[in-house]
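S.K.: quick check, what structure comes out for this input:
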Amino acid sequence: MRYRETVNADAAGVSRVADIVREQLAAVGVKKAEMVIKAALAAEESAGSLAAHAPEGAKLHVLVRSFFGNMTIELICAGERYEPSAGVGEEALSDDGFGNVGQAMIRDILLKAVAEDMKYQHLRGTNRISISICKSPRRFLYSTLGALVLAILTGFILSWIGAGDFNSLADEYFFTPVKTMYMNALKMAVAPVVFFSIVSCISRFTDLSELGRIGGRVMLMFLLTMVLAVAVGIGSYFLFRPGGSLPSETVADAASITSQKMDISFKDMIVGIIPSDFIEPFLSSNMLQLIFLAILCGIAAGKIGQYSEGVKRGFEAVNELFLKITTMIIRCMPLAVFCAICSLVLETGITTVTSVLSIFGTFIFGLFCMMVMYCVLLWVMGKTNPLAFLKEYSPTMLQIFSMASSSASIPINMGACERLGISKKIYSLSIPLGATVNMDGTCVYLSVFALAIARMYGVEITGANLIGMIITIIVLSVGAPGIPGSGLICLSVLLTQINVPAEAVGLVMGIDALVGMFRCASNCTGDVVASIIVDRTEKKRRLECGI
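M.R.: Numbers count the residues shown, from 1 in each chain. Predicted structure coming up:
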């Protein structure tokens, strides 16, 4: 949507700018009063600053753009260069009356409040201010899916044109290097993110006796649903067996990596979990050893007396640092997706893309089965009508789906628990804890995608390796950070563990943003289901005890 209007650069025109913003926000369905008021005030004060530096009789041009939930307003007016958020200067204090100084101070505060979302430019005697009024939570999804579609079209066009030499050069000197740099950055963050996430998680919940009876029941429910999720994921994979075969040269490269390590016994796997060196697991990316060290450090952090709190805060601070680094890397995903998919199409054609979509379809089937499991658990263990639950919780589920972050969804999920009649002392523990340790959707995702990608690389996972993979999936899910993009990191960790090249995540990178939204919705639904069952169990116990 595009809207344009020209007003006079005077008090009436500035007031009209605020009205325009309100009208356009209403037109796209934004009803949140706080957002509307903030946007209107920010636009009005920005227009006022432009008018204050404009020559007499100047016109103020207002341009509003709305695209996929993102809205920006651009204000253009002739005038001298100035700094929009420079503050109230001495000139204003000396020349203006008290009212104008107060207005200038208010304007300064409002402009600084939106400084991160505002851009100012002076060009050829014209001032321009661009303000992001609202940002769609699906913006990253749209960007990534747009990059995916554009990459497929670009790859097909280049293949259809048949410029073999040009395609080879583009792949060798642009597509593959960009993809490799992104994957290297992702692999760089894998070991510290996994280690510090698990340490931070375990250090907070080392002793279930401190959590009391309710904490123990919540954890048992989380463990039950995660085991069911892994079983559903593995069962869905073996039912459909998605994922075709990669070209023979790619399989040969994978075989050279995996052939020496697949004949490992269950005894060797258990013995190999404990490293002989603390640093080596980080250098060699041995994830089972890394997870063992993380659990050990997490437990020990709560048992060192007066230093415990300081050590826990230190681990949490470093965890936040690497999560921020990972978030910065994930923001580059659309470009990496474009290059990875273009390279994939040029090298393998449509067959591999079809295989990736079949894996996605199997994953969705697994989540549907998991939803059926939730309904059964509610009916049998929670004595709750699952249809009534779905009717009440579905709006929240859709909202969480768009956020794609379990951690960011904690307040929303708590509000849903309140409406469902769950005791506050239960959901105030279970929801934050579930956002940290209960990742049912991630379990389904890791099971389906890891097995399917392993099959694409010609690696069969059976016996002791399957058992080790199941253990790794559960532990990874417990330590997975509840932020967008974390599933891709966990998948690369799991692929390394089952001796598939970590670069294989490039095959599914293009759909990870969409997959992440489904994972998040399933994760948060599992948290609420567990909360309902524990709440009903507690109420039954109180009735039986006459409390």
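S.K.: wait, a strand at Gly57?
M.R.: No - the assignment for Gly57 (DSSP: H, G, I helix; E, B strand; the rest coil) gives coil, which keeps it out of a strand.
S.K.: could you pull out the strands in the stretch 151-300 of the chain for me?
M.R.: Under the criterion DSSP state E, counting those that start in this stretch, strands are not mapped anywhere in the stretch 151-300 of the chain.
S.K.: quick check: next helix or strand after the helix or strand hosting Gly366?
M.R.: Of the helices and strands defined by DSSP states H and E, Gly366 is found in helix 350-380. Moving toward the C-terminus from helix 350-380, the first helix or strand encountered (DSSP H and E) is helix 386-403.
S.K.: packing partners of that next one?
M.R.: Identification of packing neighbours for helix 386-403 by 3 or more C-beta pairs under 8 Å, 6 or more residues apart in numbering; DSSP states H and E yields helix 350-380, helix 410-419, helix 512-545. In this view, the C-beta of every residue, glycine as well, is placed from N, C-alpha and C.
S.K.: packing partners of the shortest one?
M.R.: Of the remaining helices and strands, those touching helix 410-419 by 3+ C-beta pairs under 8 Å, 6+ apart are helix 386-403, helix 424-437, helix 512-545.
S.K.: confirm Leu63 sits in a helix?
M.R.: No - the assignment for Leu63 (three-state DSSP) gives strand, which keeps it out of a helix.
S.K.: so in terms of bridging, what pairs with it?
M.R.: Per DSSP bridges, residues listed as beta-bridge partners of Leu63: Arg4, Glu74.
S.K.: tell me how far it lies from Val14.
M.R.: 16 Å (C-beta to C-beta, to the nearest Å).
S.K.: any idea which of the helices and strands packed on helix 410-419 gets closest to Thr180?
M.R.: For Thr180, the closest of the helices and strands packed on helix 410-419 is helix 512-545, at 17.6 Å, according to C-beta to C-beta.
S.K.: buried sites along the closest one?
M.R.: For helix 512-545, the neighbour count (16 or more other C-beta atoms under 10 Å) marks 512-539 as buried.
S.K.: follow-up on the earlier one: the helix holding Gly366 packs against which elements?
M.R.: Judged by 3+ C-beta pairs under 8 Å, 6+ apart, helix 350-380 is in contact with helix 208-240, helix 333-348, helix 386-403, helix 440-456, helix 512-545.
S.K.: tell me who's in contact with Phe292.
M.R.: By C-beta atoms under 8 Å, 6 or more residues apart in numbering, the residues touching Phe292 are 273-275.
S.K.: least confident of those?
M.R.: Lowest pLDDT within those is found at Ile273 (78).
S.K.: thought Gln289 was touching it, still the case?
M.R.: Yes - because the distance of 6.2 Å satisfies C-beta atoms under 8 Å, Ile273 is recorded as touching Gln289.
S.K.: in stretch 464-479, what counts as buried?
M.R.: Buried residues in stretch 464-479, defined by neighbour count with 16+ other C-beta under 10 Å: 464-465, 468-479.
S.K.: using JSON lines, lay out these together with distance to Ser132.
M.R.: Formatted as JSON lines, the entries for the buried residues of stretch 464-479 read as follows, by distance: C-beta to C-beta, whole Å:
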{"residue": "Ala464", "distance to Ser132": "53"}
{"residue": "Asn465", "distance to Ser132": "49"}
{"residue": "Gly468", "distance to Ser132": "47"}
{"residue": "Met469", "distance to Ser132": "43"}
{"residue": "Ile470", "distance to Ser132": "45"}
{"residue": "Ile471", "distance to Ser132": "45"}
{"residue": "Thr472", "distance to Ser132": "41"}
{"residue": "Ile473", "distance to Ser132": "39"}
{"residue": "Ile474", "distance to Ser132": "41"}
{"residue": "Val475", "distance to Ser132": "40"}
{"residue": "Leu476", "distance to Ser132": "36"}
{"residue": "Ser477", "distance to Ser132": "35"}
{"residue": "Val478", "distance to Ser132": "37"}
{"residue": "Gly479", "distance to Ser132": "34"}
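S.K.: which of the residues you listed sits closest to Gly305?
M.R.: Relative to Gly305, the closest of the buried residues of stretch 464-479 is Gly479; by C-beta to C-beta it sits at 25.2 Å.
S.K.: pLDDT value on the closest one, please?
M.R.: You'll see Gly479 listed with a pLDDT of 62.
S.K.: tell me which element Ile422 falls in.
M.R.: With DSSP H and E as criterion, Ile422 is part of no helix or strand.
S.K.: whoops, I mixed them up, Pro84
M.R.: Element membership of Pro84, judged by DSSP H and E, is empty: it is in no helix or strand.
S.K.: any idea of the pLDDT on it?
M.R.: Pro84 carries a pLDDT value of 71.
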